[in-house]
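# sequence plus the predicted model coming up.
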Amino acid sequence: DGEVYKYYSDGEWKKSSSGKSVAIINPTTRKTQYKVQACTQEEVNKVMESAKIAQKSWAKTPLWKRAELLHKAAAILKKHKAPIAECLVKEIAKPAKDAVTEVVRSGDLVSYTAEEGVRILGEGKFLVSDSFAGNERTKYCLISKIPLGVVLAIPPFNYPVNLAVSKIGPALVAGNSLVLKPPTQGAVAALHMAHCFHLAGFPKGLISCVTGKGSEIGDFLTMHSGVNCISFTGGDTGIAISKKAGMIPLQMELGGKDACIVLEDADLDLVAANIVKGGFSYSGQRCTAVKVVLVMESVADAVIKKVKAKVAKLTVGPPEDDCDITPVVSESSANFIEGLVMDAKQKGATFCQEYKREGNLIWPLLLDNVRPDMRIAWEEPFGPVLPVIRINSPEEGIHHCNASNFGLQGCVFTKDINKAVLISDAMETGTVQINSAPARGPDHFPFQGLKDSGIGSQGITNSINMMTKIKSTVINLP
Ligand code: G3H
């Protein structure tokens, strides 16, 4: 009790000179679980300085050695899965088994990144001049990929470990240094993850982890002249960052309103299973959660009946008991979700279950007959509340999906593959899943959002490429 977790700078664990701390509230007990250092702007400056120095020699470290260290970190991370998962349970109320899965998945992600890095960064390109009109074969162009410098990584609360390593791994293998600003909820899990990289023996200053108040160090970090790339996953803050950031590459994954379009010929058991998994796993707190069901009127009653039967079986309670539905991350999040539910109620949505809330725990709720004038038709609850809109044609579904300011993923259920592909082509989203709920993984698949859902593409290969710059050397022959 009273212990404040140290932050990681220049290869050492340090106390902030601010003498202040930030409290992490356990979403289940709503009491302070942990405290982390409230770092100052001077401490951020110091971290940036060390990152810049460390990067110079890291870029010259052989690629196979960089990959070797990442493999080492991956193995250590997996070994530490139990204590890190425990932090995820206490800080973000992630169900116990999912918390372990997140850490194991992260170890696998780092290993794959090391392997992919040696392959794609170990290969360059070679061009000759006489393929362009009017040129003789007198210029040879050698093209390779070089690091950007210092990468700033800002992951969200819902995957504080996995979405940290999905930025750290690619950055490091490509020869960059990395500064991590974890979310407050999830900061201790992230510090423990950073400790695994420390134990692996990365050079000091190459990776650091600063904690603190967004109001004190948020803008200061994202607008810092020492930052050469920002990789951010989260909400609206990303839009603000993109407006303020300097002339540097940005990788952004923001919100989503993933639509699930159900056609008349769909396998309705498969549909129901995916709506429940897609809509309610981790209590709907995934950017790729199913956030609106657009179902053909002729099969709507049957789908709702099947979904209701499955929702009734979801367990609701603390993450320690590995319940399906656990408390949402904060009281303000629970209040926001409740606001969307009350708006839908007032405007006449049909409640398939009774609305129930205790503290931050919200029971799973399916809302039928949602109409476009309701906020929940468009806004992202990030909670276990799922709206259903009945449609009379696939075009109506596509239209609703495309009218959203988000464009992360979507899914379509039908046995007709031709229809599925045409609908996928018409949906303005980064990915469309045919006959399955949206999901980011496996982690080497490309992952990207259109419109307000993001900038650039993630997934291991794309992230490595994004964190490099092309360098060419031209040999001019006489
Ligand atoms: O919350 C956003 C995550 O990138 C979603 O990842 O599809 O693996 O749950 P997931």
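It's in. Residues are numbered from 1 along each chain as shown.

# for the ligand, give me its nearest residue in the stretch 351-478 of the chain.
Of all residues in the stretch 351-478 of the chain, Arg440 sits closest to the ligand, with a separation of 3.5 Å (Cβ to the nearest ligand atom). Placement of C-beta: from N, CA and C, glycine included.

# any idea how far the ligand is from Pro249?
For Pro249, the distance to the ligand (Cβ to the nearest ligand atom, to the nearest Å) stands at 19 Å.

# how far away is Lys167 from the ligand?
Here Lys167 is placed at a distance of 12 Å from the ligand (Cβ to the nearest ligand atom).

# I figured that residue was touching Pro155, is that so?
Yes - using Cβ atoms under 8 Å, Lys167 and Pro155 qualify as a contacting pair, with a distance of 6.8 Å.

# who touches both of these two?
Jointly contacting Lys167 and Pro155 under the rule Cβ atoms under 8 Å, 6 or more residues apart in numbering are Leu180.

# which residues of the stretch 151-300 of the chain fall in strands?
Taking DSSP state E, counting those that start in this stretch as the criterion, the stretch 151-300 of the chain contains strands spanning 177-180, 207-209, 229-233, 250-253, 259-262, 292-296.

# residues in contact with the second one?
Judged by Cβ under 8 Å, 6+ apart, the contacts made with strand 207-209 from elsewhere in the structure are 7-10, 47, 50-51, 168, 172, 177-182, 190-191, 194, 197-198.

# among those residues, name the ones in helices.
When the contacts of strand 207-209 are checked against helices using DSSP state H, the ones located there are 47, 50-51, 168, 172, 190-191, 194, 197-198.

# and which of the residues you listed is nearest to Lys310?
For Lys310, the nearest member of the ones in helices among the contacts of strand 207-209 is Ala190. The distance, counting by Cβ to Cβ, is 33.5 Å.

# quick one: contacts for Lys145?
120-121, 124, 174, 465, 468-471.

# tell me the one of those nearest Lys94?
Compare each of those with Lys94 using Cβ to Cβ and the shortest gap goes to Ala174, at 29.5 Å.

# distance of that closest one from Lys56?
When Cβ to Cβ, to the nearest Å is applied, the distance between Ala174 and Lys56 equals 14 Å.

# neighbour-wise, which of these two wins?
Ranked by neighbour count (other Cβ atoms under 10 Å), Ala174 and Lys56 place Ala174 first, with 27 against 12.

# surely the more buried one and Asn462 touch.
No - if you go by Cβ under 8 Å, Ala174 and Asn462 don't touch, sitting 12.0 Å apart.

# run through the bridge partners of Cys141.
With DSSP bridges applied, the residues forming beta bridges to Cys141 are Leu127, Val474.

# got the contact list for it?
Applying Cβ under 8 Å, 6+ apart as the definition, the contact partners of Cys141 turn out to be 126-129, 472-475.

# pLDDT score for the residue of the stretch 351-478 of the chain closest to the ligand?
The predicted local confidence for Arg440 comes out at a pLDDT of 97.

# same check on Ser242?
Ser242 is assigned a predicted lDDT (pLDDT) of 96.

# now Asp452
Predicted confidence (pLDDT) for Asp452: 97.

# who touches it in this structure?
With contacts taken as Cβ under 8 Å, 6+ apart, Asp452 has the following neighbours: 239, 254-255, 405-407.

# cutoff 10 Å now
Remark: with contacts taken as Cβ atoms under 10 Å, 6 or more residues apart in numbering, Asp452 is in contact with 236, 238-239, 252, 254-257, 404-408.

# count of neighbours near His225?
Wrong residue type there; residue 225 is Ser, not His. Neighbourhood size, Ser225 [other Cβ under 10 Å]: 8.

# distance of the residue nearest to it when sequence neighbours are not counted relative to Gly212?
Once flanking residues are discounted, Ser225 sits nearest to Gly246: 7.1 Å by Cβ to Cβ, 6 or more residues apart in numbering. Between Gly246 and Gly212 the distance is 21 Å, computed by Cβ to Cβ.

# and Met466, by the same measure?
Between Met466 and Gly212 the computed distance is 26 Å (Cβ to Cβ).

# what does Glu320 give?
With distances taken as Cβ to Cβ, Glu320 is found 28 Å from Gly212.

# more neighbours: which of these two?
Taking neighbours as other Cβ under 10 Å, Glu320 and Gly212 compare with Gly212 leading, 27 against 14.

# so for that one, what's the nearest residue that isn't a sequence neighbour?
Per Cβ to Cβ, 6+ apart, closest to Gly212 is Cys39, 4.1 Å.

# report the rounded mean pLDDT for stretch 96-115.
If you average the pLDDT over stretch 96-115, you get 98.

# list the buried residues in that stretch.
Buried residues in stretch 96-115, counted by 16 or more other Cβ atoms under 10 Å: 96, 98-100, 102-103, 105-114.

# go on, stretch 120-139?
Applying a neighbour-count criterion of 16+ other Cβ under 10 Å, one finds 120-121, 129 buried in stretch 120-139.

# so how far is the helix ranked longest in the chain from its chain's centroid?
Assignment by DSSP H gives helix 96-121 as the longest helix of the chain. Computed by Cα atoms, centre = their mean, to the nearest Å, the chain-centroid distance of helix 96-121 equals 14 Å.

# quick one: residues contacting Ile376.
With contact taken as Cβ under 10 Å, 6+ apart, Ile376 is in contact with 257, 291-292, 337, 339-341, 343-344, 347, 349, 367, 370, 385-387, 389.

# quick one: which of these sit in helices?
When DSSP H defines the helices, the subset of these inside them is 337, 339-341, 343-344.
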